[in-house]
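J.: Next one to model:
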Amino acid sequence: MNTERRTRVRRIALTVALAALCAGILAPAQRAFAATFVPISGAGSTWAANAINAWAAAVSQTGMTVNYAPVGSTTGRSEFKNGTVDWAASEIPYGVQDGASFDPPPTRGYAYIPDVGGATAFMYNLTIGGQQVTNLRLSGAVIAGIFTNQITMWNDPKIAADNPGLSMPAIPIVPVVRSDGSGDTWQFTQWMSAAQGASWTAYCAAVGRSPCTATSVYPVLGTAMVAQPGDQGVVGYVSQPQADGAIGYTTYSAALESGFPVAKVLNTAGYYTAPTAGNVGVSLLNAQINMDTSSVLYLTEDLSQVYTDTDPRTYELSYYSYMIVPTDTSFGLSTDKGNTLGAFGEYMLCQGQSQVDEMGYSALPINLVEAGFAQLQKIPGASVPTTTSAILASCNNPTFSADGTNILANTDPMPPACDQQGATQCGPAAVGQSGAIPMAVTATANGAFTLTVDTTDTVTLTVSGNSATAATTPIVVSDSRNTFPGWSVSGQVTDFTGSGTAAGSAISGNQLGWLPTATSLGTGVILGGAVDPAAPGLGTAGAVLALAHAGSGFGTSALGANLTLAIPAVARAGDYTASLTLTAVTALP
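T.: Numbers count the residues shown, from 1 in each chain. A predicted model of the protein is given here:
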């Protein structure tokens with residue numbers, strides 16, 4: 001069944017009146033730093049590279065030059081250890097035992113800082129009766145069975161038990177793994193070792209791996225595994241037309257870009273959940289940090305409580321990456337470099353987190369941000385907030401408010417009842433063959449999709465100091481289609497054009513930011529991330545207000561956004577108008 005993608009557009013008129021502006025009114029103030037910014041260089045994780053590069057581009061507007069080489073976690077750790085870079089990024093810490101291999105810590109002082117959250121996702125290519133499956137559900141035991149060669153056919157009774165709404169085909173499972181060393185492999189095998197130990201231990205014995213630890217390079221000797229280099233290798237193999245039956249582990253963003261679905265994974269609460277930004281963020285609220293200063297793994301993540309979290313929204317295979325920073329002046333680290341590195345780290349933990357959800361990552365929750373600031377303070381020359389109140393007041397992280405309210409925990413939606421383990425299953429049923437009796441069904445697409453916005457009313461932003469704020473008029477999305485194709489609504493604003501005393505003047509649309517809100521959400525609907533005014537704003541690229549991937553989105557979502565306009569110091573007094581365009585795409589992968 002093919003679902004046609006359509007776009008629907010609605011526009012909201014915006015106005016703002018600026019009175020008696022003068023040179024003494026400034027753009028949003030930035031905290032003064034203790035020393036001059038100087039170029040800094042880092043290397044490491046390819047997994048976190050998209051986020052790091054986006055942050056580096058954003059801070060360049062403040063005079064920072066941050067260079068980053070995505071050479072892989074292992075090489076990045078080595079370059080930091082040898083002093084050839086100022087900092088590194090890695091999903092794997094120093095001091096871990098990888099089979100018979102051991103990566104000793106560096107002699108220079110260092111600390112780990114959480115940089116961005118994410119998850120191991122299971123992208124698959126599976127059809128039933130010529131129809132692509134988009135609502136596959138898998139338990140942890142089944143995932144471990146697939147990737148240890150214990151479950152080899154898609155019609156295995158254990159897979160059928162996870163998917164009561166599907167008639168699973170009698171075709172072989174083709175597990176696809178990474179052939180190169182990767183943080184994805186490390187995190188996946190660390191989870192298997194901890195949560196599905198019997199399966200991983202048996203697999204270690206089958207491939208001759210001793211000691212049976214987590215690993216960054218997946219062992220495939222004498223197995224049915226297909227090994228491919230990098231996320232793109234895994235995605236490329238699984239997405240081939242002839243790869244029906246393939247499943248591989250990869251990043252969520254890589255799977256989304258390919259247009260292929262990922263499996264929902266059963267959690268401790270008995271719900272099958274997807275690795276959405278919200279679900280991962282909620283999961284990481286339970287991430288613990290090793291605070292034993294005598295341990296070689298001091299300051300590294302402990303995900304044991306993430307794996308067993310009883311919150312229904314938990315995605316069990318959630319984790320975060322590390323920024324590895326210096327805590328002494330060895331290898332010629334100057335305090336000016338330390339100041340720049342501290343400022344970059346502060347941006348990363350705060351405003352920078354508003355950029356990551358749309359890239360397939362997850363913004364860090366409040367507990368990991370506070371832990372990160374504790375380590376930023378150890379960088380020689382760094383000038384960062386040192387108290388909880390100061391961190392909260394200045395951070396502008398989308399997962400919590402300035403008063404410490406955990407926004408993420410309050411707003412991430414609960415999974416729908418049909419995703420609870422049992423006899424029902426969300427999404428369309430795929431009908432194929434059962435035994436020797438051929439069966440077929442023609443599904444009729446019923447229902448409708450609507451985007452309703454009051455375009456007759458003008459939203460007037462109220463000026464206070466160097467900014468102006470307002471809330472949008474209600475934005476209502478209604479999806480009653482029984483094909484569950486998913487949808488998204490995004491927004492982009494024009495430049496504000498002046499009139500009257502401001503005639504001939506303009507304010508860039510990039511000066512407008514928003515915080516998506518909702519009074520109700522349809523099944524599986526996800527709110528977009530906050531967009532800061534001027535960093536990057538809604539003018540050039542726009543942003544997602546809310547979305548629902550295929551297999552979700554049913555029902556009515558009452559949406560809105562809190563708007564903030566950063567007023568440039570040079571703006572002339574007068575009236576300014578702009579148009580906020582809302583675009584709905586009526587089908588998503």
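J.: Isn't residue 508 up against residue 533?
T.: No. Using CB atoms under 8 Å, residue 508 is not in contact with residue 533, being 10.0 Å away. C-beta: built from backbone N, CA, C; applies to glycine.
J.: doesn't residue 43 fall inside a helix?
T.: No. Counting by DSSP: H, G, I helix; E, B strand; the rest coil, residue 43 is not part of a helix but strand.
J.: Could you check how many residues crowd around it?
T.: Counted with other CB atoms under 10 Å, residues neighbouring residue 43 total 24.
J.: How much space separates it from residue 75?
T.: 7 Å (CB to CB, to the nearest Å).
J.: What of residue 462?
T.: 51 Å.
J.: the more surrounded of these two?
T.: Per other CB under 10 Å, whichever of residue 462 and residue 75 has more neighbours is residue 75, with 18 against 10.
J.: What are the buried residues along stretch 577-589?
T.: Within stretch 577-589, the residues that qualify as buried are 578-589, counting by 16 or more other CB atoms under 10 Å.
J.: Residue 121: which of the residues you listed is nearest?
T.: Distance to residue 121 across the buried residues of stretch 577-589 (CB to CB) is lowest for residue 589, with 12.7 Å.
J.: re the thing from before, joint contacts of residue 43 and residue 75?
T.: Residues touching both residue 43 and residue 75 by CB atoms under 8 Å, 6 or more residues apart in numbering: none at all.
J.: pLDDT weak spots in the stretch 301-450 of the chain?
T.: 428-447 (pLDDT under 70).
J.: now the helices for it?
T.: Listed in chain order, the helices found in the stretch 301-450 of the chain under DSSP state H, counting those that start in this stretch are 304-307, 335-349, 366-376, 388-395, 407-411.
J.: So which of those helices has the densest surroundings on average?
T.: Mean neighbour count (mean count of other CB atoms under 10 Å) peaks for helix 335-349 among the helices of the stretch 301-450 of the chain, with a mean of 24.
J.: which strands and helices sit next to it?
T.: Packing partners of helix 335-349 (3 or more CB pairs under 8 Å, 6 or more residues apart in numbering; DSSP states H and E): strand 40-44, helix 49-59, strand 110-125, strand 318-326, helix 366-376.
J.: Residues contacting that helix, please?
T.: 33-40, 55-56, 58-59, 62, 64, 66, 86-87, 113-115, 323, 325-326, 329, 364, 369, 372-373, 376, 379-385, 395, 397.
J.: same deal with stretch 265-276?
T.: Here stretch 265-276 makes contact (CB under 8 Å, 6+ apart) with 118-122, 137-140, 143, 162, 252, 262, 264, 279, 307-318, 362, 415, 419-421, 524, 526, 549.
J.: in which helix or strand would I find residue 198?
T.: For residue 198, the host element (DSSP states H and E) is helix 197-207.
J.: and that helix, how far out from the chain's middle?
T.: Centroid separation for helix 197-207 versus its chain: 31 Å, with CA atoms, centre = their mean, to the nearest Å.
J.: From the contact counts, what lies against the helix or strand that comes right after that helix?
T.: Per DSSP H and E, the first helix or strand lying C-terminal to helix 197-207 is strand 226-228. Under the contact criterion of 3+ CB pairs under 8 Å, 6+ apart, strand 226-228 touches strand 174-178, helix 230-238.
J.: Export only the CA atoms of the shortest one, formatted as CSV.
T.: Coordinates of each C-alpha in strand 174-178 appear next as CSV, following Å, rounded to 0.1, in the frame of the first residue of the first chain:
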residue,chain,number,x,y,z
VAL,A,174,20.0,-11.5,7.6
PRO,A,175,21.7,-9.8,10.6
VAL,A,176,23.9,-6.8,9.4
VAL,A,177,26.7,-5.6,11.8
ARG,A,178,29.5,-3.1,11.7
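J.: what are the pairing partners of it, and which direction each?
T.: Strand pairing for strand 174-178, using DSSP bridges, gives strand 226-228 (parallel), strand 246-251 (parallel).
J.: Please work out which of those strands is packed deepest.
T.: With neighbours taken as mean count of other CB under 10 Å, those reach their highest mean count in strand 246-251, at a mean of 26.
J.: Now do the helix or strand just after it: distance to the chain's middle.
T.: As assigned by DSSP H and E, the chain's next helix or strand after strand 246-251 is helix 252-258. Relative to its parent chain, helix 252-258 has a centroid offset of 11 Å by CA atoms, centre = their mean.
J.: buried set for helix 252-258?
T.: 252-256, 258.
J.: quick one: which of the residues you listed is nearest residue 283?
T.: Checking these against residue 283 with CB to CB, the nearest one is residue 252 at 12.9 Å.
J.: That closest one is in contact with residue 262, isn't it?
T.: Yes. Contact status for residue 252 versus residue 262: in contact at 6.5 Å, counting by CB under 8 Å.
J.: Mutual contacts of those two, please.
T.: 121, 275.
J.: residues touching the residue positioned nearest the centre of the chain, list them.
T.: Computing the C-alpha centroid of the chain and ranking residues by CA atoms, centre = their mean puts residue 361 first, at 1.8 Å. By CB under 8 Å, 6+ apart, the residues touching residue 361 are 48, 50-51, 116-118, 253, 277.
J.: Surely residue 399 touches residue 364?
T.: Yes. With contact defined as CB under 8 Å, residue 399 reaches residue 364; the gap is 7.0 Å.
J.: quick one: common contacting residues for the two?
T.: Both residue 399 and residue 364 are in contact with 281, 353, where contact means CB under 8 Å, 6+ apart.
J.: and residue 180, how many neighbours?
T.: Residues lying near residue 180 (other CB under 10 Å) number 18.
J.: Compute the distance between it and residue 72, please.
T.: Residue 180 is 8 Å from residue 72, by CB to CB.
J.: before we move on, the earlier item: of the buried residues of stretch 577-589, closest to residue 233?
T.: residue 589 (19.8 Å).
J.: For the closest one, report the pLDDT, please.
T.: Residue 589 carries a pLDDT value of 64.
J.: Kindly report the same for residue 461.
T.: Note for residue 461: predicted pLDDT of 88.
J.: That one: which element?
T.: Using DSSP H and E, residue 461 sits within strand 458-464.
J.: Show me which residues of that strand are buried.
T.: By neighbour count, and taking 16+ other CB under 10 Å as the criterion, the buried residues in strand 458-464 are 459, 461, 463.
J.: Work out the sheet partners of that strand and label each with its direction, please.
T.: strand 7-18 (parallel), strand 467-471 (antiparallel).
J.: what's the neighbour count on residue 149?
T.: 19.
J.: Could you grab the helix/strand/coil label for it?
T.: When classified by three-state DSSP, residue 149 comes out as coil.
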